[in-house]
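[1] Okay, structure incoming, though there's no sequence with it:
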(Lines give C-alpha, C1' and ligand atoms only; values in the text may rest on other atoms or scores of the structure.)
Protein backbone atom coordinates (compact mmCIF):
# COMPACT_ATOMS: atom_id res chain seq x y z
CA UNK A 1 0.00 0.00 0.00
CA UNK A 2 1.33 3.38 -0.93
CA UNK A 3 -0.24 6.78 -1.29
CA UNK A 4 0.96 10.07 -2.76
CA UNK A 5 -0.84 13.38 -2.28
CA UNK A 6 0.17 16.37 -4.40
CA UNK A 7 -1.20 19.77 -3.44
CA UNK A 8 -0.58 22.81 -5.66
CA UNK A 9 -1.64 26.43 -5.53
CA UNK A 10 -1.75 28.42 -8.73
CA UNK A 11 -1.50 31.76 -6.92
CA UNK A 12 -0.54 33.14 -3.50
CA UNK A 13 -1.57 31.22 -0.35
CA UNK A 14 -5.32 31.19 0.19
CA UNK A 15 -6.06 31.38 -3.53
CA UNK A 16 -7.47 28.59 -5.67
CA UNK A 17 -5.93 25.29 -4.61
CA UNK A 18 -5.76 21.84 -6.14
CA UNK A 19 -5.10 18.40 -4.66
CA UNK A 20 -4.38 15.11 -6.44
CA UNK A 21 -4.33 11.75 -4.67
CA UNK A 22 -2.72 8.64 -6.11
CA UNK A 23 -3.03 5.26 -4.48
CA UNK A 24 -5.03 4.16 -1.47
CA UNK A 25 -5.31 6.42 1.57
CA UNK A 26 -4.03 4.66 4.71
CA UNK A 27 -6.62 3.54 7.25
CA UNK A 28 -4.24 3.97 10.18
CA UNK A 29 -1.83 6.77 11.11
CA UNK A 30 1.44 6.44 9.19
CA UNK A 31 4.58 8.51 8.78
CA UNK A 32 4.73 10.77 5.71
CA UNK A 33 7.71 12.04 3.72
CA UNK A 34 6.86 15.56 2.52
CA UNK A 35 8.50 17.90 0.05
CA UNK A 36 7.49 21.59 -0.14
CA UNK A 37 8.42 23.90 -3.03
CA UNK A 38 8.08 27.67 -3.28
CA UNK A 39 8.47 29.95 -6.28
CA UNK A 40 9.81 33.48 -5.70
CA UNK A 41 8.84 36.50 -7.86
CA UNK A 42 12.26 36.42 -9.55
CA UNK A 43 11.66 32.81 -10.68
CA UNK A 44 13.85 31.16 -8.05
CA UNK A 45 12.45 27.84 -6.86
CA UNK A 46 13.34 26.49 -3.42
CA UNK A 47 12.46 23.08 -2.03
CA UNK A 48 12.41 21.71 1.51
CA UNK A 49 11.95 18.09 2.56
CA UNK A 50 10.92 16.83 5.98
CA UNK A 51 9.18 13.96 7.76
CA UNK A 52 5.69 14.31 9.19
CA UNK A 53 5.15 12.01 12.20
CA UNK A 54 2.37 9.44 12.19
CA UNK A 55 -0.91 11.02 11.20
CA UNK A 56 -3.94 10.42 9.01
CA UNK A 57 -4.30 12.02 5.58
CA UNK A 58 -6.89 14.52 6.89
CA UNK A 59 -4.39 15.76 9.52
CA UNK A 60 -1.67 16.16 6.90
CA UNK A 61 -2.95 19.42 5.34
CA UNK A 62 -2.87 21.46 8.59
CA UNK A 63 0.52 19.99 9.59
CA UNK A 64 2.16 20.92 6.30
CA UNK A 65 0.27 24.24 6.18
CA UNK A 66 1.97 25.31 9.41
CA UNK A 67 5.35 24.40 7.95
CA UNK A 68 4.63 26.37 4.75
CA UNK A 69 3.64 29.43 6.81
CA UNK A 70 6.94 29.23 8.71
CA UNK A 71 8.96 28.84 5.49
CA UNK A 72 7.08 31.73 3.84
CA UNK A 73 7.84 33.95 6.84
CA UNK A 74 11.54 33.09 6.48
CA UNK A 75 11.42 34.23 2.85
CA UNK A 76 9.59 37.47 3.66
CA UNK A 77 6.13 36.33 2.45
CA UNK A 78 7.06 37.25 -1.13
CA UNK A 79 6.59 33.82 -2.74
CA UNK A 80 4.13 33.72 -5.62
CA UNK A 81 3.39 30.01 -5.71
CA UNK A 82 3.50 27.09 -3.27
CA UNK A 83 3.03 23.38 -3.56
CA UNK A 84 3.78 20.17 -1.72
CA UNK A 85 3.86 16.46 -2.21
CA UNK A 86 3.65 13.83 0.52
CA UNK A 87 4.01 10.08 0.23
CA UNK A 88 3.38 7.24 2.66
CA UNK A 89 4.08 3.56 2.47
CA UNK A 90 2.19 1.22 4.74
CA UNK A 91 3.78 -1.29 7.05
CA UNK A 92 3.88 -4.99 6.38
CA UNK A 93 1.00 -7.01 7.73
CA UNK A 94 1.99 -9.62 10.31
CA UNK A 95 2.00 -13.11 8.84
CA UNK A 96 -0.35 -15.65 10.31
CA UNK A 97 1.59 -18.55 11.68
CA UNK A 98 -0.31 -21.76 11.14
CA UNK A 99 0.14 -25.01 12.97
CA UNK A 100 1.08 -28.20 11.16
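    Great, that's in hand. If you're wondering where the values come from, they're calculated on a predicted model, not measured in any experiment.
[2] From here on, just use CA atoms for contacts and neighbour counts.
    Fine.
[3] Check whether the residue nearest the centre of the chain sits in a helix, strand or coil.
    Of all residues in the chain, the one closest to the mean position by C-alpha atoms, centre = their mean is residue 86, 3.3 Å from it. On the three-state scheme (DSSP: H, G, I helix; E, B strand; the rest coil), residue 86 is labelled strand.
[4] Where does the nearest residue to it once chain neighbours are set aside sit, in terms of helix or strand?
    If the residues on either side of it in the chain are set aside, residue 86 comes closest to residue 34, at 4.2 Å by C-alpha to C-alpha, 6 or more residues apart in numbering. With elements delineated by DSSP states H and E, residue 34 resides in strand 30-39, which encompasses its position.
[5] That strand: which residues count as buried?
    Along strand 30-39, the positions that meet the burial threshold by neighbour count (16 or more other C-alpha atoms under 10 Å) are 30-32, 34-39.
[6] which residues touch the residue nearest to the centre of the chain?
    In this structure, residue 86 makes contact with 4-6, 32-35, judged by C-alpha atoms under 8 Å, 6 or more residues apart in numbering.
[7] Need those residues in JSON lines (columns: distance to residue 26).
    Supplementary listing: the contacts of residue 86 in JSON lines, determined by distance: C-alpha to C-alpha, whole Å:
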{"residue": "4", "distance to residue 26": "10"}
{"residue": "5", "distance to residue 26": "12"}
{"residue": "6", "distance to residue 26": "15"}
{"residue": "32", "distance to residue 26": "11"}
{"residue": "33", "distance to residue 26": "14"}
{"residue": "34", "distance to residue 26": "16"}
{"residue": "35", "distance to residue 26": "19"}
